[in-house]
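Participant: Here's my sequence, what's the structure:
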Amino acid sequence: MKRTLAIASTVVIVALAGCSSQSDRKAASGSYEYLKTKEQNGFKVPTGLDRPEEAREFAIPELGDAADTSLVGKAIPVQSPSLVLPLVTGSHVEEGKNTATIWFDQVDDSQPLSQAVWNSLLSYLDEQSIGVASFSTEDKTLLTDWISVKKEVDTAWYKFSSEETEISRRFEFNLDVKPHGRSAALTVHLKDYKQNTRGKSTSELNAMQMHREEVEVLNQVIGHYEYQIQLAETRRIARIRKGINTEMGFNDNGDSAYLVEAKYDVAWPRTLLVLRKLGFDVKDLDKSNGLLFVTYRGSDASWWDGLFSSEDALLKKGDYRLKVAKAGVERTSITFMDNESKPFEANQVSDLYSAFAEVMSEDNLDI
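Facilitator: Model (predicted):
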């Protein structure tokens with residue numbers, strides 16, 4: 001009998017523990033008797049006497065004009081704050097701002113920053129099957145269609161079936177680009193909200209709930225942007241490691257050069273790998289101008305040493321320079337020069353071509 005009572009008591013305790021709803025877990029626990037407290041009158045000093053000094057250490061600040069006076073008692077949420085997560089390289093948030101905003105800085109010059117942000121946002125909406133109600137690059141604004149989701153709502157502990165609520169939202173994205181174009185702020189505003197539960201509809205949210213909704217969707221957009229960057233970087237590294245075809249040609253100045261079939265952002269790091277294997281040490285570099293300052297120290301590869309230690313002395317040990325430049329959308333030119341920036345003669349470029357092209361075409365060079 002005692003054992004039966006113990007089991008029954010345990011079941012009751014577990015059942016009662018499950019009675020707390022999500023709204024209860026979001027509200028402060030304890031007594032709300034303080035709501036009945038009336039504000040005390042200020043300390044009155046009789047005429048003719050000096051007011052004593054008052055300690056302001058525990059003074060309660062005055063409410064601002066924008067304060068939500070309805071947030072008292074159970075209406076005060078005790079959830080952790082919603083924070084914008086600056087996951088993207090070069091992104092940051094401004095301290096003290098209550099808006100759902102993230103700043104991006106230009107770190108990739110392959111496309112304008114504003115275009116990169118909009119493309120990522122549109123890609124996210126397309127992936128989530130979210131329609132676009134309006135979009136204007138001139139107004140720097142995008143308005144989504146209704147986004148509807150269904151969530152389970154709390155029911156009494158003794159009910160074994162769950163109920164659902166349908167939440168529909170529309171968001172507006174604004175992109176504020178600095179005049180120089182290398183910094184931009186993406187902000188999200190909740191434009192419309194509808195919630196339907198058990199046939200009852202509501203469209204009311206307090207400021208904290210609105211902010212939580214805005215931050216949630218902004219963080220999803222940021223996460224998608226970061227994933228796209230990581231995916232593009234993985235593909236770029238794979239492309240760098242893969243062999244690239246090379247042919248003889250000329251740069252934009254008409255000098256003899258090697259033309260590699262790759263974009264500049266791939267050809268530049270690939271050239272560094274090729275030079276290292278060919279026995280060059282890079283002393284200095286300037287990617288923005290495509291300049292490499294190198295020293296040829298010789299190579300451990302017998303075929304390369306045999307080529308350059310011949311009686312003709314095709315390439316002596318010493319300092320040289322290279323110019324890497326765009327040669328169209330999908331091609332890059334590489335020009336060898338002496339230490340005075342004088343391009344190699346056509347016959348010397350031709351003599352070095354077979355060795356350079358062979359290493360450039362190799363797969364899986366060490367990075």
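
Participant: Please identify which helix or strand holds Thr271.
Facilitator: helix 264-277 (DSSP states H and E).

Participant: Find the nearest non-adjacent residue to His318, please.
Facilitator: Just so we're on the same page, residue 318 is Gly rather than His. Of all residues not flanking Gly318 in the chain, Tyr296 sits nearest, at 6.2 Å (C-beta to C-beta, 6 or more residues apart in numbering). Every C-beta, even on glycine, is put in place using the N, C-alpha and C of the backbone.

Participant: Can you tell me how far Pro81 is from Ala232?
Facilitator: Look at Pro81 and Ala232: by C-beta to C-beta, to the nearest Å, they are 32 Å apart.

Participant: The two: which is more packed in?
Facilitator: Taking other C-beta atoms under 10 Å, Pro81 and Ala232 do not tie; Ala232 has more neighbours (12 against 9).

Participant: per-residue confidence at the more buried one?
Facilitator: Note for Ala232: predicted pLDDT of 89.

Participant: I'd like to know which elements the helix or strand that contains it is packed against.
Facilitator: Take DSSP H and E as the rule and Ala232 turns out to sit in helix 207-241. The helices and strands touching helix 207-241, judged by 3 or more C-beta pairs under 8 Å, 6 or more residues apart in numbering; DSSP states H and E, are strand 100-105, helix 113-127, strand 163-177, strand 183-197, helix 264-277.

Participant: I'd like the next helix or strand past the second one.
Facilitator: Tracing the chain C-terminally past helix 113-127 and defining elements by DSSP H and E, one meets strand 132-136 next.

Participant: relative to strand 183-197, how tilted is that following strand?
Facilitator: 160 degrees (axes from the mean of the first three to the mean of the last three C-alpha atoms, to 10 degrees).

Participant: What helices and strands are in contact with the next helix or strand after strand 132-136?
Facilitator: Next in sequence after strand 132-136, counting helices and strands by DSSP H and E, comes strand 141-144. Based on contacts counted as 3+ C-beta pairs under 8 Å, 6+ apart, the elements that strand 141-144 packs against are helix 113-127, strand 132-136, strand 163-177.

Participant: Tell me who's in contact with the closest residue to Arg321 other than its chain neighbours.
Facilitator: Counting by C-beta to C-beta, 6+ apart, Met337 is the residue found nearest to Arg321 once chain neighbours are left out, at 4.4 Å. Under the criterion of C-beta atoms under 8 Å, 6 or more residues apart in numbering, the contact list for Met337 reads Tyr320, Arg321, Leu322, Lys323, Pro343, Phe344.
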